[in-house]
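A predicted structure for the sequence below; I have some questions about it.
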Amino acid sequence: MADRAPVIWWVRRDLRLADNPALTAAVATGRPVIPVFVLDAETEDLGAAPRWRLGLGLDVFATTLNDHGSGLVLRRGVALDCLRALIAETGAKAVYWSRLVDPAAIARDTAVKTALTAEGVEARSFSGHLLFDPWTVATKTGGYYRVFTPYWRNVRDRPVAEPQPAPCRWPSPERWPASDDLNAWQLGAGMHRGAAIVARHARPGAEAAQDRLDTFLETRVATYAQDRDRPALDGTSGLSEHLTYGEISPATCWHAARRALYDGVPGTETFLRELAWRDFAHHLAYHTPHLITGNWKPDWDGFPWTTDASDPAIRAWQQGRTGIPFVDAGMRELYVTGTMHNRARMITASYLTKHLLAHWKIGQAWFAACLIDWDPASNAMGWQWVAGSGPDASPYFRIFNPVTQLDKFDPKGGYADRWIAEGRSQPAPEALSYFEAIPQSWGMSPTDPYPDPVISLKDGRDRALEAYAGRKTDASDDL
């Protein structure tokens, strides 16, 4: 009967039961719910680290579903083809999912919704990956925001729906469709021996996400405004990997932080701004999708960045051996943990695009391969912000000095000591683990001498300023 026809819950970047509008709506129908994850071309294209981390998240999530008397069906192929096959196998009359707003996801989801609707299948997408859908936030003239500060003023006091609890149970189908074996997908194959090292730092799953949020708000948020810039401290929330895969909703984080704000806890507004900054990246990716693939400001198309990723200086940057401690420490933290401190991301990006004059897309691609918290919108906007080619960008002439930055934000040198082994009589365990994670073909050893700078900071800065001097300045640059 139609009223008992299952609902397919198409799981994507929403690996959670709590505060999941698509799941809540599916359960509210009273019909059997079949959770399905499709490994399609868009997902296959993930870099080695995010692809591996996705596999960890799926494994934990499948266990969670099993504990709730449900299960996770895995299929591989074109999303529309896989969903059609499941509809035929199960008699499902509806497919629900949480929407994503990056260009690739929009193209895929639009095609799926159009085709299924034409075939008489209810196809519905729901909010949940962001605080505010991009089309709901507009300037007074009806346009989109290009600068974060006025965007923040618009959304800071907007109502956000209270997070909904996880459904306890929901009906299962009479017969479960066949499922692929997650292990057979080998999502971690590209990590090689690095997987065992990064696994020490990744914390997949909704339970770990909630624990991180609670711990952060109880112990660190009060000093977050200052400590978030100090790379040697554990001063951030660590929630980025969980938000990436939807193991916690941004609304859950928002309301928890708002409660702390009302209680007068310092640092909470800074944290709320960071949640809104994540939304802002998706706001821009939705309204100006070329942000993901090219210069947001077209007059940067002729800037003389090098695009040769095999350049020895760029390889030194990737391998954390530029001879600049702040840069090298950040790049090694990335390889060992799959994440990087936010201040280090800024410094490593500035060094690549300015001191080395390498195209930001080289850095974007490297981060896309190495970050377990990789996000298409945040990664693209972050790189273009630093390079100067993006919206609300750092002024193009601002060239961070990695030495003075390290002196300012890590005066005791703890960050470099933690991640760099060469030249130290007793290297930190994390510094040594870098050599366990990297490809053996790199030929690096902790007993090597620490390298000299691939370019002096002065020469790199002067060369960058000379290149900028020859560029026609766009009136939209934020000076």
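Yep, that arrived.

Would you confirm that residue 168 contacts residue 68?
Yes: judged on Cβ atoms under 8 Å, residue 168 makes contact with residue 68 at a distance of 7.4 Å. (Glycine included, C-beta is placed from N, CA and C.)

Looking only at neighbour counts, state which of those two leads.
Set residue 168 next to residue 68 and count neighbours by other Cβ atoms under 10 Å: residue 68 wins out with 16 against 9.

What spatial separation is found between the nearest residue to the more buried one once chain neighbours are set aside and residue 17?
Excluding the flanking residues, the one nearest residue 68 by Cβ to Cβ, 6 or more residues apart in numbering is residue 169, at 6.3 Å. Counting by Cβ to Cβ, to the nearest Å, the gap from residue 169 to residue 17 is 11 Å.

residues in contact with the particular helix or strand that has residue 112 in it?
Using DSSP states H and E, residue 112 maps to helix 103-118. Outside helix 103-118, the residues within contact range by Cβ atoms under 8 Å, 6 or more residues apart in numbering are 12, 40, 42, 79-80, 83-84, 87, 95, 97, 99-100, 122-123, 125, 285-286, 289, 292, 376.

Now do residue 470, the pLDDT please.
pLDDT for residue 470: 81.

Just give me the neighbour total for it.
9.

which residues sit in contact with residue 464?
Counting by Cβ under 8 Å, 6+ apart, residue 464 touches 354, 355, 357, 399.

mind checking which helix or strand the residue nearest to residue 68 is in?
Going by DSSP H and E, residue 169 is not part of any helix or strand.

Correct me if wrong: it contacts residue 33.
No: using Cβ under 8 Å, residue 169 and residue 33 do not qualify as a contacting pair, with a distance of 10.2 Å.

More neighbours: the two, which one.
More crowded of residue 169 and residue 33, by other Cβ under 10 Å: residue 33, with 25 against 9.

For beta bridges, what are the partners of the more buried one?
Beta bridges link residue 33 to residue 7 when assigned by DSSP bridges.

Could you check the pLDDT of residue 475?
For residue 475, pLDDT reads 38.

and what of residue 169?
89.

Where does the record place the domain boundaries for the chain?
Here the domain parsing of the chain from automatic domain parsing is 2-129, 130-158+206-287, 298-469.

Make a markdown table out of the ones you listed and add distance to residue 191.
Written out in a markdown table, the entries for the domains of the chain read as follows (distance: least, Cβ to Cβ, whole Å):
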| stretch | distance to residue 191 |
| --- | --- |
| domain 2-129 | 5 |
| domain 130-158+206-287 | 15 |
| domain 298-469 | 9 |
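
so which of those gets nearest residue 197?
Closest approach to residue 197 among the domains of the chain (Cβ to Cβ): domain 298-469, 3.9 Å.

coming back round to it: what touches both of residue 169 and residue 17?
Shared contacts of residue 169 and residue 17, defined by Cβ under 8 Å, 6+ apart, comprise residue 68.

ok but residue 36 is inside a strand, no?
Yes: applying DSSP: H, G, I helix; E, B strand; the rest coil, one finds residue 36 inside a strand.

Once you drop chain neighbours, what's closest to residue 285?
Closest to residue 285 by Cβ to Cβ, 6+ apart is residue 377, at 3.9 Å.
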